[in-house]
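Engineer: after the sequence you'll find the predicted model.
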Amino acid sequence: MKVRRMLAAGMIFCTCIHGLCACGSQSEKRTDKFLVGVTFYDQSDTYLNQLIDCLEEQFQNPERKDLEITMMVRGAAGSQQIQDDQVKELIDSGCNVLCVNLVDRADPSEIIDYARENDVPIIFFNREPVAEDMQQWEKLYYVGANAEQSGVLQGELAVDLIRGNGQIDRNGDGKIQYVVLEGEPGHQDTIIRTESAVNTLKKNGIELEKLSYGIANWNRAQAQNRMLQMISQHQNQIELVLANNDNMALGAVDAYEKLNYTESVFPVFLGIDGTDIGLEAVMDSRLSGTVYNDKEGQSEAIAKIAVALMTNDGMEKIKFENKKYIYLPYYKVRKDNVNEFYKKK
């Protein structure tokens with residue numbers, strides 16, 4: 001009898017312990033851990049650094065609190081070969097999703113092939129691959145903005161300024177003498193931003209005379225050097241500077257300041273992207289305007305796609321164009337509305 005009582009007590013004890021363990025395991029919240037690989041064309045690019053900061057914030061504070069997402073970030077230093085190697089490293093490290101800002105938008109095949117072999121989806125961002133490459137695999141997506149819209153809005157900013165201030169046409173010849181500071185030669189956004197800005201001015205009845213242009217590869221220091229050359233050629237003739245991004249617009253301002261020109265003979269400077277430093281320059285009247293490229297909206301869209309892909313949940317709720325694309329709008333920024341965008345920091 002004594003032995004039976006001991007056995008029974010032992011069974012009851014084990015049952016209670018098992019029940020407690022089960023309750024404990026049920027009360028613990030399960031956390032799913034994921035790894036996202038990010039590679040972008042050049043770590044010196046101001047706008048992309050800010051976009052990636054926004055993306056990291058999205059992953060650190062996901063909508064679902066049961067997710068733990070880590071980002072691995074690589075800058076490709078303007079080399080497609082380096083980026084190809086980085087993608088292999090990120091995939092081999094166990095990344096569940098890749099976010100890729102291409103060095104060469106026309107040469108993504110090696111990246112796509114390696115990702116497909118390892119079944120790792122890719123979200124391209126900011127630099128849109130050509131349409132044919134986006135059709136290579138069903139797990140390819142793109143998040144960005146419409147380059148043409150950015151040029152149109154920059155052109156509209158210029159039109160409003162010219163119509164509102166007759167002194168911009170300093171020589172009074174009825175034409176606006178202008179120069180352009182462009183990004184990379186042959187780059188899609190360079191071509192489209194420039195053409196659409198100029199065409200918008202012309203469509204609105206602004207007569208133009210192009211004095212020169214300079215390739216500055218999105219870089220402020222290069223833009224300063226190109227602008228110094230153009231000033232030496234054209235002196236006080238330049239009335240408008242259209243720059244493909246804020247860094248180059250500020251490089252143009254730097255050139256005039258380096259030569260100790262007075263602000264009364266400065267041309268109108270316009271940028272694109274609405275980086276923090278660009279917005280501050282609008283506030284300080286160093287730039288007459290910029291076009292806001294919605295880094296917060298783009299990072300949120302990238303994060304939503306990535307989470308849906310990693311968890312196999314929620315893709316049906318995301319609104320794509322042609323099942324693969326998300327485009328965020330641009331916005332015109334002037335001194336009278338710059339605080340609306342600067343607050344987004």
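Structural biologist: Noted; the coordinates are in hand.
Engineer: when you work out contacts or count neighbours from here on, use the C-alpha atoms and nothing else.
Structural biologist: Fine.
Engineer: how deep is Lys304 tucked in, by neighbour count?
Structural biologist: Applying other C-alpha atoms under 10 Å, we find 19 residues neighbouring Lys304.
Engineer: ok, for it, nearest residue in space, not its chain neighbours?
Structural biologist: Spatial nearest neighbour of Lys304, excluding adjacent residues (C-alpha to C-alpha, 6 or more residues apart in numbering): Ile318 at 7.8 Å.
Engineer: what about that neighbour, distance to Ile52?
Structural biologist: Using C-alpha to C-alpha, to the nearest Å, Ile318 is found at 21 Å from Ile52.
Engineer: now do Ile191
Structural biologist: 25 Å.
Engineer: what stretches of the stretch 201-345 of the chain score poorly on pLDDT?
Structural biologist: In the predicted model of the stretch 201-345 of the chain, residues 344-345 satisfy pLDDT under 70.
Engineer: what segments of it are helices?
Structural biologist: Using DSSP state H, counting those that start in this stretch, the helices of the stretch 201-345 of the chain run over residues 220-234, 246-258, 276-283, 295-311, 338-342.
Engineer: the second one packs against which elements?
Structural biologist: Contact analysis of helix 246-258 by 3 or more C-alpha pairs under 8 Å, 6 or more residues apart in numbering; DSSP states H and E lists strand 176-182, helix 220-234, strand 240-243, strand 268-270, helix 276-283 as its packing neighbours.
Engineer: what do you get if the cut-off is 6 Å, keeping everything else the same?
Structural biologist: helix 220-234 (3 or more C-alpha pairs under 6 Å, 6 or more residues apart in numbering; DSSP states H and E).
Engineer: do the same with the first one
Structural biologist: With contacts defined as 3+ C-alpha pairs under 6 Å, 6+ apart, helix 220-234 has these neighbours: helix 246-258.
Engineer: and with 8 Å instead?
Structural biologist: Under the contact criterion of 3+ C-alpha pairs under 8 Å, 6+ apart, helix 220-234 touches strand 208-215, helix 246-258.
Engineer: okay, these, which one's buried deepest?
Structural biologist: The highest mean neighbour count among these, using mean count of other C-alpha atoms under 10 Å, belongs to helix 246-258: a mean of 24.
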